[in-house]
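K.L.:
what's the 3D shape of this:
(one chain, ligands or ions: 1)
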Amino acid sequence: MTLQSTISPWWKSPYFAEKAVDGAAKFWFSTILIGQAIFSYYIVAFYYTAILTNDIAGLNKVMPAGHIEGDYWGNIAVMGHIIFAAIITIGGLMQLLPFIRSKIPALHRWTGRLYVLIAIIMSLSGAFMIITRYDKVIGGLIGHTSIMINGAIILVCAVMAFKFARQKKFVKHRIWALRLFIAVSGVWFFRIGFMAWLSIHGKPVGFDPVSFSGPFLTVLYMMVYIMPLAFLEVYLRVKARGSVSQKLSTSIGVILLSFILIGGVFGATMGMWLPRI
Ligand code: HEM
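P.N.:
So this is what the prediction gives:
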């Protein structure tokens with residue numbers, strides 16, 4: 001055996017592979033952090049202002065099933081859904097910030113309890129809106145069914161993350177908390193995926209913008225939580241016991257996905273959120 005054959009290049013070392021997978025995850029989280037912070041800002045600047053100034057016409061222009069005269073409980077569900085939307089988005093980002101977990105664990109625990117509770121409220125209020133206003137909420141049967149499945153996944157992940165935290169089984173808690181974060185982010189991924197698609201094509205392709213239905217939307221509705229959840233499972237397995245080449249290819253995949261997210265965040269911010277504020 002020659003000396004050359006025993007020395008492998010630095011980028012094939014387990015150390016580099018570990019650093020690459022961690023670095024890719026940090027890059028992915030940074031794009032999520034910025035994108036979801038902008039989404040929260042949009043919810044506060046647009047919806048909170050509309051609610052505080054009683055601007056019902058403005059609210060209904062963006063949300064066809066926003067305020068409906070005489071539907072007391074439906075309107076309460078919409079208000080709660082919107083108010084908690086910004087809080088859960090900011091709360092999720094806080095939960096994933098490593099320095100809060102390590103330096104202020106009490107804050108992590110309380111934000112975590114609140115996050116689980118709000119996740120349940122979001123799923124139930126969303127389901128209530130779909131069931132009671134199915135003829136006005138956009139998305140049709142496929143969109144409604146898909147987001148209801150997303151809501152059910154959120155409920156399961158919230159209960160499991162909470163249960164394992166109570167039992168102090170922190171390895172399992174972390175996995176379920178990450179699944180919960182990804183499932184909750186499904187609605188955000190939908191907006192990002194939708195705007196990335198529009199930015200690429202420059203016009204509606206694969207769906208009808210009036211009825212808001214079509215093959216592209218059917219796929220998108222399902223993919224926004226199935227695909228990120230599947231990626232999370234792959235990432236967790238590769239991180240725990242993947243080979244060097246699996247870690248390197250996962251890192252490249254995560255970085256590519258992050259660039260798609262950046263495109264979508266840019267499209268959603270410029271094309272959807274900023275013009276409404
Ligand atoms: C948990 C995270 C969630 C967040 C952050 C969130 C956020 C929002 C926001 C901001 C809106 C207003 C529309 C917009 O400007 O984009 C909205 C609308 C809505 N959401 Fe959610 N949502 C979440 C989960 C859910 C779930 C799980 C369901 C269903 C089970 C749901 C059902 C709805 C419905 C039906 C609307 C009204 C859409 C319309 O009027 O056309 N949401 N949500």
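K.L.:
Just the buried residues of stretch 212-221, please?
P.N.:
Within stretch 212-221, the residues scored as buried using 16 or more other CB atoms under 10 Å are Ser213, Gly214, Phe216, Leu217, Thr218, Leu220, Tyr221. Where C-beta positions appear, they are placed from N, C-alpha and C, glycine not excepted.
K.L.:
Report whether that stretch contacts the ligand.
P.N.:
No - Stretch 212-221 stays clear of the ligand (CB under 6 Å from any ligand atom), getting no nearer than 8.5 Å.
K.L.:
how far does that stretch sit from the chain's center?
P.N.:
18 Å (CA atoms, centre = their mean, to the nearest Å).
K.L.:
Kindly export that stretch (C-alpha atoms) in CSV.
P.N.:
This file holds the C-alpha atoms of stretch 212-221, laid out as CSV (Å, rounded to 0.1, in the frame of the first residue of the first chain):
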residue,chain,number,x,y,z
PHE,A,212,-57.0,29.1,-6.9
SER,A,213,-56.9,25.5,-8.0
GLY,A,214,-54.9,23.3,-10.5
PRO,A,215,-52.2,20.6,-10.6
PHE,A,216,-49.4,22.8,-9.3
LEU,A,217,-51.4,23.9,-6.2
THR,A,218,-52.6,20.3,-5.6
VAL,A,219,-48.9,19.1,-5.4
LEU,A,220,-47.8,22.2,-3.4
TYR,A,221,-50.5,21.8,-0.8
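K.L.:
Do you have the helices of the stretch 151-277 of the chain handy? List them.
P.N.:
In the stretch 151-277 of the chain, the segments counted as helices under DSSP state H, counting those that start in this stretch are 170-184, 186-201, 215-241, 244-268.
K.L.:
Turn these into JSON lines, columns for mean pLDDT.
P.N.:
As requested, the helices of the stretch 151-277 of the chain are exported to JSON lines (pLDDT from 0 to 100):
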{"stretch": "helix 170-184", "mean pLDDT": "97"}
{"stretch": "helix 186-201", "mean pLDDT": "92"}
{"stretch": "helix 215-241", "mean pLDDT": "95"}
{"stretch": "helix 244-268", "mean pLDDT": "95"}
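K.L.:
Can you report how many residues neighbour Gly70?
P.N.:
6 (other CB atoms under 10 Å).
K.L.:
secondary structure class for it?
P.N.:
Using DSSP: H, G, I helix; E, B strand; the rest coil as the criterion, the local structure at Gly70 reads coil.
K.L.:
Relative to Phe128, which of the helices of the stretch 151-277 of the chain is closest?
P.N.:
Distances from Phe128 to each of the helices of the stretch 151-277 of the chain were compared using CB to CB; the shortest belongs to helix 186-201, at 15.6 Å.
K.L.:
So is the closest one next to the ligand?
P.N.:
Yes - taking CB under 6 Å from any ligand atom as the criterion, helix 186-201 and the ligand are in contact, through Val187.
K.L.:
Equivalent analysis for stretch 125-134, please.
P.N.:
Yes - residues of stretch 125-134 contacting the ligand under CB under 6 Å from any ligand atom: Gly126, Ala127, Met129, Ile130.
K.L.:
State the helix or strand in which the third one lies.
P.N.:
Right, Met129. With elements taken from DSSP states H and E, the one containing Met129 is helix 105-132.
K.L.:
Tell me what angle that helix forms with helix 170-184.
P.N.:
40 degrees (axes from the mean of the first three to the mean of the last three CA atoms, to 10 degrees).
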